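*Asks:* please find the sequence and the predicted model below.
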Amino acid sequence: MRIATAAFPLDWHDDWASYAAKIRHWVETAGADLLVFPEYGAMELASLGGAEVAADLERALQEVARHRPAMEALFDGLAREHGLHILAPSGPVIEGGRRLNRASLFGPDDLIGHQDKAIMTRFEREIWHIESGSGLTLFDTALGRLGVVICYDSEFPLLARALCEAGAEILLVPSCTDTLAGYWRVKVGAMARALEGQCVTVQSPTVGAAPWCPAIDENRGAAAVYGPSDSGWPETGILAEGGLDTPGWVRAEVDLRRVAQTRAEGAVLTFAHWPEQVAQAARITVSR
């Protein structure tokens with residue numbers, strides 16, 4: 001399959017037509033089977049409420065959540081029209097009084113499902129009051145078995161491990177980071193998860209400035225597709241990588257048969273040998 005991952009700029013939109021035209025352009029120029037958009041890419045919808053709403057953290061969140069059904073309908077229609085699998089930009093939803101950071105996966109026939117972010121950053125917990133989701137989802141699709149670890153989630157190996165043990169061959173890593181340090185944490189996390197799980201990971205960041213909305217005013221990162229550094233893969237583990245803070249699609253060809261082969265016959269077997277850690281970690285000797 002061909003994967004396209006977005007380094008996605010957040011733009012101001014005066015009306016819905018402007019937003020829909022942007023998304024359509026991005027989808028129609030992707031040139032891939034699986035498209036991945038970033039964490040909090042939906043926040044540009046805050047601009048539809050006007051400058052005063054977009055500049056207020058609480059009102060911006062409410063505005064984006066209000067447009068969620070229309071956004072999902074847009075991505076659903078584009079996935080059907082072009083016969084694609086699309087991980088739409090994540091954003092806040094309000095469900096039963098709870099605030100969640102949700103990414104939805106669409107296929108050529110319908111909404112496949114969604115993944116809510118599992119572990120919140122300090123900003124999400126302490127300022128925005130976003131709550132954790134209720135577990136992980138393995139998406140068994142026509143392209144392969146996919147899991148989603150949203151930004152900070154990629155820095156916690158047990159989440160990715162659980163998805164890989166359930167059968168995930170590709171982990172999608174939508175991200176939104178306002179510093180280079182944050183970008184590198186997610187990048188290193190995504191590369192480590194590809195190494196440990198002997199799988200493919202796909203990072204899609206927001207990029208550029210959006211001074212009109214303090215929630216996403218600064219965005220740093222580069223889009224990339226990673227694999228394990230093993231036989232048949234690039235020695236660096238980087239299948240494709242875009243320029244830092246450079247908007248656009250980054251594309252990679254991926255053959256999932258290689259994932260199965262590496263897990264069974266790789267130069268190392270990190271995926272198979274993972275359980276051996278438990279016995280070793282249970283025996284700690286303190287030497288003085």
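*Replies:* The structure has been received and is ready for your questions.
*Asks:* grab the nearest non-local neighbour of residue 76.
*Replies:* Using Cβ to Cβ, 6 or more residues apart in numbering and skipping residues adjacent in sequence, the residue nearest residue 76 is residue 106, 5.2 Å away. Placement of C-beta: from N, CA and C, glycine included.
*Asks:* number of residues surrounding that neighbour?
*Replies:* Other residues lying near residue 106 total 24 when counted by other Cβ atoms under 10 Å.
*Asks:* that one: what's it in contact with?
*Replies:* Residue 106 sits next to 72, 75, 76, 78, 79, 84, 85, 86, 88, 112 when contact means Cβ atoms under 8 Å, 6 or more residues apart in numbering.
*Asks:* what about the residues you listed, which are in helices?
*Replies:* The helices, defined by DSSP state H, take in 72, 75, 76, 78, 79 from the contacts of residue 106.
*Asks:* mind putting those in a markdown table, distance to residue 189 and pLDDT included?
*Replies:* Converted to a markdown table, the ones in helices among the contacts of residue 106 look like this (distance: Cβ to Cβ, whole Å; pLDDT from 0 to 100):
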| residue | distance to residue 189 | pLDDT |
| --- | --- | --- |
| 72 | 27 | 98 |
| 75 | 26 | 98 |
| 76 | 30 | 98 |
| 78 | 29 | 98 |
| 79 | 28 | 98 |
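*Asks:* from those residues, pick the one nearest residue 208.
*Replies:* For those, the closest approach to residue 208 (Cβ to Cβ) belongs to residue 75, at 21.3 Å.
*Asks:* I'd say the closest one and residue 103 touch.
*Replies:* No: counting by Cβ atoms under 8 Å, residue 75 stays clear of residue 103, with 10.8 Å between them.
*Asks:* state the pLDDT value of the residue nearest to residue 76.
*Replies:* Residue 106 is assigned 98 on the pLDDT scale.
*Asks:* again with residue 279
*Replies:* 89.
*Asks:* and the helix or strand hosting it, how far out from the chain's middle?
*Replies:* Element membership for residue 279 (DSSP states H and E) is helix 276-281. In terms of Cα atoms, centre = their mean, to the nearest Å, the centre of helix 276-281 is found 30 Å from the chain centre.
*Asks:* quick check, central residue of this protein?
*Replies:* residue 174 (1.8 Å; Cα atoms, centre = their mean).
*Asks:* any idea how far residue 275 is from residue 282?
*Replies:* Applying Cβ to Cβ, to the nearest Å, the value for residue 282 to residue 275 is 12 Å.
*Asks:* same check, this time on residue 105
*Replies:* Taking Cβ to Cβ, one finds residue 105 at 29 Å from residue 275.
*Asks:* those two: which has the busier surroundings?
*Replies:* Taking other Cβ under 10 Å, residue 105 and residue 275 do not tie; residue 105 has more neighbours (23 against 8).
*Asks:* quick revisit: can you report how many residues lie near the nearest residue to the residue nearest to the centre of the chain once chain neighbours are set aside?
*Replies:* Distances taken as Cβ to Cβ, 6+ apart put residue 39 closest to residue 174, at 4.2 Å, once the chain neighbours are dropped. Neighbourhood size, residue 39 [other Cβ under 10 Å]: 28.
*Asks:* so the residue nearest to the centre of the chain makes contact with residue 91?
*Replies:* No: using Cβ under 8 Å, residue 174 makes no contact with residue 91, being 10.4 Å away.
*Asks:* shared neighbours of these two, which are they?
*Replies:* With Cβ under 8 Å, 6+ apart, residue 174 and residue 91 have common neighbours residue 41.
*Asks:* circling back: correct me, but the residue nearest to residue 174 touches residue 172?
*Replies:* No: the criterion here is Cβ under 8 Å, and residue 39 misses it with residue 172 at 10.4 Å.
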